[in-house]
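Peer 1: requesting a structural model of the entry that follows:
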Amino acid sequence: MGVVTLKSEPATLTSELPGRIAAVETAEVRPQISGVIRRRLFEEGSLVRAGQILYEIEDAPYRAALGSARGGLARAEAAIDATRLQAERYRELVGINAVSRQDADNAVASAKQARADVTAQRAAVQAAEVNLGFTRIRAPISGRIGRSLFTPGALVQAGQADPLATIQRTGTVYVDVTQSASEILNLREAMRAGGLTRDNDSARVELLLPNGKTYPIEGRLQFSEVTVDPSTGAVTLRATFPNPDGVLLPGMYVRARLVDGVRQAAILAPQQGIARDPRGRATALVVNAGNKVEQRFVKTDRAIGDRWVITSGLKPGDRLIVDGLLQARPGVTVTPKAPQPRRTALARPGAASNDKAGN
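Peer 2: Predicted coordinates:
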């Protein structure tokens, strides 16, 4: 009867959580004025830099508006001299009662109004210059730009619902994963009880891609959301991953493997030694001090490799039966021995030649 003597040992506990890739920065390119697109100055799917001109809008109406504003400013500036000189003359004439004080006050007010008109016209010129600048739509951030939803000749408007294009910075990406609130509470209780500790590796995150392969670069856990989603009962955690080759695409579904902590005195039992009874309870057969078989009901936490983490039912020093379970019955006296090495699926020497001989 093959048995394994259990012992306590440190075990690193990990969790696999579902998540989605998100770009670190996402910007929608939108027009800030209305007009007809004259040119598109980028290639779809290319890398663009912040400030690069992406679209040109027909600017003739805005150049005309700027010229009109500059003319109004020149008119207002010319009126300043006339009103100022008139106010100075009336100030002298009112001293000799050549004009009424009311006329003098009106002249001073007209001079102030002329100065205010100049300020207003300068603001109008600045607004016209800003609008003219908006006829060249620039990239708000650096990143990879997607497809253009509008072509040259299309009419666009400020405040429209659809963006012209979307830019995403994906040199580094976020991975937003969700973990149930109950799991987080259990981990915190285990840490408070001293059975679980965190180390420097707790911030490391591995990523499992949709094709089942492991992403070659590790990420780092950044923070955990401060509220629980009432619709799912889960908390969102965010990790960052370098993405130099652009493998991780925004919106991609992935699974993240996080380190929950280290259980210093864990009992790890080989999976072949744990069975289920008809009621679904986990059971184990152990050999007691009298070499008799005993049945134990156990509780498992998770699997680490080919072993279960046992939380109750087994203790260090127990001899767990892993071979000959079909012959083992509670109360039967057995002779414990080391388990037989498990056979692998590797071909035995000569197997290939036998196959050839059979053909």
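Peer 1: ok, the residue nearest the centre of the chain - contacts?
Peer 2: The centroid of the chain falls nearest to Tyr174 when counting by C-alpha atoms, centre = their mean (2.8 Å). By C-beta atoms under 8 Å, 6 or more residues apart in numbering, the contact set of Tyr174 is 21-24, 238-241. Just so you know, the C-beta spots here come from the backbone N, C-alpha and C atoms, and that holds for glycine as well.
Peer 1: same check on Arg136?
Peer 2: Counting by C-beta under 8 Å, 6+ apart, the residues that Arg136 touches are 53, 55-57.
Peer 1: let me have these in JSON lines, extended by pLDDT.
Peer 2: Compiled in JSON lines, the contacts of Arg136 are given as follows (pLDDT from 0 to 100):
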{"residue": "Ile53", "pLDDT": "96"}
{"residue": "Tyr55", "pLDDT": "97"}
{"residue": "Glu56", "pLDDT": "96"}
{"residue": "Ile57", "pLDDT": "96"}
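Peer 1: show the buried residues in those.
Peer 2: The neighbour count (16 or more other C-beta atoms under 10 Å) marks 55-57 as buried among the contacts of Arg136.
Peer 1: what about those residues, which are in strands?
Peer 2: If you go by DSSP state E, the buried ones among the contacts of Arg136 have 55-57 in strands.
Peer 1: among those residues, which one sits closest to Thr178?
Peer 2: The nearest member of those to Thr178, counting by C-beta to C-beta, is Tyr55 at 38.3 Å.
Peer 1: how much space between that closest one and Ser180?
Peer 2: 46 Å (C-beta to C-beta, to the nearest Å).
Peer 1: next one: Gln160
Peer 2: Following C-beta to C-beta, the distance that separates Gln160 from Ser180 is 41 Å.
Peer 1: what does Thr172 give?
Peer 2: Thr172 is 27 Å from Ser180, by C-beta to C-beta.
Peer 1: do Gly67 as well
Peer 2: When distance is defined by C-beta to C-beta, Gly67 is 65 Å away from Ser180.
Peer 1: one more: Thr83?
Peer 2: 76 Å.
Peer 1: higher neighbour count, these two?
Peer 2: Taking neighbours as other C-beta atoms under 10 Å, Thr83 and Ser180 compare with Thr83 leading, 19 against 15.
Peer 1: what about that one, is that helix, strand or coil?
Peer 2: helix (DSSP: H, G, I helix; E, B strand; the rest coil).
Peer 1: wait, what's in contact with it?
Peer 2: By C-beta under 8 Å, 6+ apart, the contact set of Thr83 is 107, 110-111, 113-114.
Peer 1: from the residues you listed, pick the one nearest Ala303.
Peer 2: The closest of the contacts of Thr83, once distances to Ala303 are taken by C-beta to C-beta, is Gln113, at 84.4 Å.
Peer 1: secondary structure class for the closest one?
Peer 2: Reduced to three states by three-state DSSP, Gln113 is helix.
Peer 1: tell me, how many residues neighbour it?
Peer 2: 14.
Peer 1: likewise for Ile184?
Peer 2: Other residues near Ile184 come to 16 when the count uses other C-beta under 10 Å.
Peer 1: make sure it is actually in contact with Gly233.
Peer 2: No: at 10.7 Å, Ile184 does not count as touching Gly233 under the criterion of C-beta atoms under 8 Å.
Peer 1: give me the element Gln264 is part of.
Peer 2: Using DSSP states H and E, Gln264 falls within strand 253-270.
Peer 1: over to Lys315?
Peer 2: Counting by DSSP H and E, Lys315 is part of no helix or strand.
Peer 1: contacting residues around it?
Peer 2: Contacts of Lys315 (C-beta under 8 Å, 6+ apart): 6, 267.
Peer 1: how near is it to Trp308?
Peer 2: For Lys315, the distance to Trp308 - C-beta to C-beta - is 14 Å.
Peer 1: which helices and strands does the strand ranked longest in the chain pack with?
Peer 2: Counting by DSSP E, the longest strand found in the chain is strand 8-29. Under the contact definition 3 or more C-beta pairs under 8 Å, 6 or more residues apart in numbering; DSSP states H and E, strand 8-29 sits against strand 143-145, strand 165-180, strand 253-270, strand 299-304.
Peer 1: partner strands of that strand and their direction?
Peer 2: Within its sheet, strand 8-29 is paired with strand 165-180 (antiparallel), strand 253-270 (antiparallel), according to DSSP bridges.
Peer 1: okay, now the closest residue to Gly72 other than its chain neighbours: neighbour count?
Peer 2: Distances taken as C-beta to C-beta, 6 or more residues apart in numbering put Gln121 closest to Gly72, at 4.7 Å, once the chain neighbours are dropped. If you count neighbours by other C-beta under 10 Å, Gln121 ends up with 19.
Peer 1: can I assume Gln121 sits in a strand?
Peer 2: No: with three-state DSSP as the criterion, Gln121 is assigned helix and is not in a strand.
Peer 1: residues in contact with it?
Peer 2: Gln121 touches 69, 72-73, 75-77, counting by C-beta under 8 Å, 6+ apart.
Peer 1: one more pass at 10 Å, please.
Peer 2: By C-beta atoms under 10 Å, 6 or more residues apart in numbering, Gln121 lies in contact with 69-77.
Peer 1: from those residues, pick the one nearest Ile217.
Peer 2: Distances from Ile217 to the contacts of Gln121, taken by C-beta to C-beta, are shortest for Ala69, at 54.4 Å.
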